[in-house]
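Trainee: coordinates only, no sequence provided:
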């Protein structure tokens, strides 16, 4: 049977994949996608705990997170488009002007 | 009601300070004089109310507001009128009004804004002085005490473009500050000892203590308070500011440096008579300092050539008399002399002001002479003032000075009495030196002076001759009123030996809480002493007549013969130079070489610069972290979170 631990382990795996994606990939679109994976890993944790504890709080938080994620994706993609128009590049390392 | 007395001059100050520049001189002067005259009228009414009370309970108090309330300590802003302060307010507002009136003519050549500034300061001074004498506790008194110091500074330095005037203002302020420091320490110690700063409560508490046989707390309190008094009232060692204060306009010298502010120290001791009476050691110091100051200032006054400086030293000398009286426990006699002195010293200063005014600013006695027929009003009033201060029988100064000398002798201070008598002789000599040099004899010949560069050039001289005029009406009226006062004021305290009743001393009795010594058996002694002091006064005038009118060559010859003494006196015993060498220069050197070049530069500046350099240097190294790469930032956030979570999990 599928226990809470299974969900948590899956969530941890997903979160790690997302984190690794943010660090390793050099494409802004992919990084945004990785962040979505991290957010959904957290969502999974919330839902799993909500079910295990018999409380609706987890689900409610997840709706909030999804709303924020949607907004974030909209703003993030807009920024990415704007950056691309400037530099013809999607590599985050080419946008390192804000330093000492 | 009592509040109106200081409030009216204060309103006058506010009006003249705010709008004085925009109105005519006549209006500015009228506002200032009106404020003072109003205050005088209110004072008269208040004193009338006071006198109609029974003798023992003569006091009117008026609590304006609670000023400080902290724990079980409260100090109210209370004005209190009793016989002692009633004498003071009448002197301040009465003489003050006359001097305001006189100033309207004397300062007429100033520009509109300067004129208003002058009167606003004068009104502010009167307001503070009235707060000083009406305050019912040390804190309220201190407000006035500091306020008159400030106004004194402002008025001495009134002609601030002149360096000597602004220097004199600063000197007065700083010297007063030294005294005030002692005063504040005294009040603090008093509070520690008695737990109150209210005059009446202090007197009640002090009355319960037996007089100190050894030098204890009460002696320290009174000594510290006396240091404050030496600053305000120009006694040794802090008298040096008063002669320099003559840089201010002459009416200011008359008001502040003769009639009112300088009497604050005497008033303060009189106000705390009970406290001082319980510190016999301090009283002895007060008496000795007073007598020493009287003699020293008298000798300096003998040779000074600036007419106002002679009067300034004479003021210091007369204040010494008052302190002598306080020191031998004759509080009423001291305050009596304060009151008569206010009349004739104001008269003398204003008379000298009229002379200076007539001579277009000339203050050197050697450039005067023979002014008698050109300035008759000034001459006769000045003569009355000089007779009064010299102690000629029948005039104000005789009664008060004689009272002091008698009390000094009868309390067993024979040496101090001799010093006082000698000073009395000197007083007569230097006053009549002014009279004879300025008003009698030939018109001075500039070539006779020792400083040719100061001599008036011929064309200027003609201007002066042309300018020469007697006091204008406003000044003449004031001179005449004060001259009348100098004659009659003394009869308020006519001693019983001359058919009077010592009314003045009786009136003041409740304020001092010390009954005046009534010694009928001493009447014979009093009569003898009176004759001796009359002889001193007449002798002094005679000596002055011989040396400064009849045979001036003899005076020169005498000066020649004792040229060492002459130089010493002309240079005022080198006290200023000694203070400069002993106090000012060491402080300057320590400040410059030690505090500035070592402590300030090497410690304070170094610390400030060091902090800056440390921050700068460390930033230089740390700023490399800001790479601009978003992924690096994200990584550092991630590892930071991991580290913090790890710490809490494996703690």
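Mentor: Arrived safely, thanks for sending. Because the structure is a prediction, the values reported are computed rather than measured.

Trainee: low-confidence regions, chain A specifically.
Mentor: A:100 (pLDDT under 70).

Trainee: what's the neighbour count on the residue in chain B that chain A sits nearest to?
Mentor: Of all residues in chain B, residue B:628 sits closest to chain A, with a separation of 3.1 Å (C-beta to the nearest C-beta). Yep, even glycine has a C-beta here, placed from its N, CA and C like the rest. Neighbourhood size, residue B:628 [other C-beta atoms under 10 Å in any protein chain shown]: 13.

Trainee: mind listing the helices for chain A?
Mentor: A:4-24, A:28-53, A:57-87 (DSSP state H).

Trainee: so what's the nearest residue to residue B:63 once chain neighbours are set aside up against?
Mentor: Using C-beta to C-beta, 6 or more residues apart in numbering or on different chains and skipping the chain neighbours, the partner closest in space to residue B:63 is residue B:78 (4.5 Å). Contact analysis of residue B:78 by C-beta atoms under 8 Å, 6 or more residues apart in numbering or on different chains lists B:61-64, B:135-137, B:140.

Trainee: wait, is residue B:78 part of a helix?
Mentor: No: applying DSSP: H, G, I helix; E, B strand; the rest coil, one finds residue B:78 to be strand, outside a helix.

Trainee: list buried residues within the contacts of residue B:78.
Mentor: Neighbour counting by 16 or more other C-beta atoms under 10 Å in any protein chain shown classes B:62, B:135-137, B:140 among those as buried.

Trainee: shouldn't residue B:478 be in contact with residue B:353?
Mentor: No: here residue B:478 does not reach residue B:353: they are 9.9 Å apart, not a contact under C-beta atoms under 8 Å.

Trainee: now do the shared contacts for those two.
Mentor: Common neighbours of residue B:478 and residue B:353 (C-beta under 8 Å, 6+ apart) are residue B:102.

Trainee: and residue B:453, what pLDDT?
Mentor: Residue B:453 is assigned a predicted lDDT (pLDDT) of 40.

Trainee: quick check, the residue of chain B closest to chain A in contact with residue A:92.
Mentor: No: between residue B:628 and residue A:92 there is no contact under C-beta under 8 Å: 10.6 Å.

Trainee: show me what contacts the residue in chain A that chain B sits nearest to?
Mentor: The nearest approach of chain A to chain B comes at residue A:99, 3.1 Å away (C-beta to the nearest C-beta). Contacts here follow C-beta under 8 Å, 6+ apart; on that basis residue A:99 touches B:626-629.

Trainee: give me the buried subset of those residues.
Mentor: By 16+ other C-beta under 10 Å, the contacts of residue A:99 give residue B:629 as buried.

Trainee: I'd like the contacts of residue A:99 laid out as TSV, including pLDDT and secondary structure.
Mentor: Output for the contacts of residue A:99, formatted as TSV (pLDDT from 0 to 100; DSSP: H, G, I helix; E, B strand; the rest coil):
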residue	pLDDT	secondary structure
B:626	84	coil
B:627	83	coil
B:628	82	coil
B:629	82	coil
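
Trainee: from residue A:69, how far out is residue A:30?
Mentor: Using C-beta to C-beta, to the nearest Å, residue A:30 is found at 16 Å from residue A:69.

Trainee: so between the two, which is more surrounded?
Mentor: Legend: neighbour count by other C-beta under 10 Å for residue A:30 and residue A:69, higher for residue A:69 (18 against 14).

Trainee: not counting residues beside it along the chain, what's closest to that one?
Mentor: residue A:39 (5.0 Å).

Trainee: how about the helices in the stretch 201-350 of chain B?
Mentor: Per DSSP state H, counting those that start in this stretch, the stretch 201-350 of chain B carries helices over the ranges B:217-232, B:241-244, B:250-254, B:264-271, B:273-277, B:280-301, B:307-327, B:331-358.

Trainee: need those helices in CSV (columns: mean pLDDT, mean neighbour count and distance to residue B:128).
Mentor: Shown next, in CSV, are those (pLDDT from 0 to 100; neighbours: other C-beta atoms under 10 Å in any protein chain shown; distance: least, C-beta to C-beta, whole Å):
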stretch, mean pLDDT, mean neighbour count, distance to residue B:128
helix B:217-232, 93, 24, 12
helix B:241-244, 90, 25, 18
helix B:250-254, 91, 29, 14
helix B:264-271, 93, 26, 10
helix B:273-277, 90, 23, 23
helix B:280-301, 93, 23, 25
helix B:307-327, 93, 28, 19
helix B:331-358, 91, 28, 17
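
Trainee: distance to residue A:14 for those - can I get that in a markdown table?
Mentor: Converted to a markdown table, those look like this (distance: least, C-beta to C-beta, whole Å):
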| stretch | distance to residue A:14 |
| --- | --- |
| helix B:217-232 | 84 |
| helix B:241-244 | 89 |
| helix B:250-254 | 93 |
| helix B:264-271 | 89 |
| helix B:273-277 | 90 |
| helix B:280-301 | 93 |
| helix B:307-327 | 98 |
| helix B:331-358 | 100 |
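
Trainee: in a markdown table: these, plus distance to chain A.
Mentor: A markdown table is the format used below for the helices of the stretch 201-350 of chain B (distance: least, C-beta to the nearest C-beta, whole Å):
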| stretch | distance to chain A |
| --- | --- |
| helix B:217-232 | 62 |
| helix B:241-244 | 62 |
| helix B:250-254 | 66 |
| helix B:264-271 | 67 |
| helix B:273-277 | 72 |
| helix B:280-301 | 72 |
| helix B:307-327 | 71 |
| helix B:331-358 | 74 |
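
Trainee: out of those, flag the one nearest residue B:415.
Mentor: Among the helices of the stretch 201-350 of chain B, the nearest to residue B:415 by C-beta to C-beta is helix B:280-301 (8.2 Å).

Trainee: got the angle for the closest one vs helix B:264-271?
Mentor: 150 degrees (axes from the mean of the first three to the mean of the last three C-alpha atoms, to 10 degrees).

Trainee: hmm, residue B:82 is touching residue B:59, no?
Mentor: Yes: taking C-beta under 8 Å as the definition, residue B:82 is a contact partner of residue B:59 at 4.5 Å.

Trainee: please identify which of those two sits among more neighbours.
Mentor: Just comparing residue B:82 and residue B:59: by other C-beta under 10 Å the higher neighbour count belongs to residue B:82, 21 against 17.

Trainee: relative to residue B:126, how far out is the more buried one?
Mentor: 20 Å.

Trainee: kindly report the residues of chain A close to chain B.
Mentor: A:19, A:22-23, A:92-93, A:95-100 (C-beta under 8 Å from any C-beta of the partner chain).

Trainee: same thing but at 6 Å, please
Mentor: Contact residues, chain A versus chain B (C-beta under 6 Å from any C-beta of the partner chain): A:92, A:96-100.

Trainee: filter these down to the buried ones.
Mentor: Among the residues of chain A next to chain B, those that count as buried by neighbour count (16+ other C-beta under 10 Å) are residue A:92.

Trainee: which one of the residues of chain A next to chain B is nearest to residue B:390?
Mentor: Out of the residues of chain A next to chain B, the member with the shortest distance to residue B:390 (by C-beta to C-beta) is residue A:100, at 87.9 Å.

Trainee: now for the closest residue to residue B:249 other than its chain neighbours, how many residues are close by?
Mentor: Closest residue to residue B:249 apart from its sequence neighbours, by C-beta to C-beta, 6+ apart: residue B:158 at 5.8 Å. Residues lying near residue B:158 (other C-beta under 10 Å) number 22.
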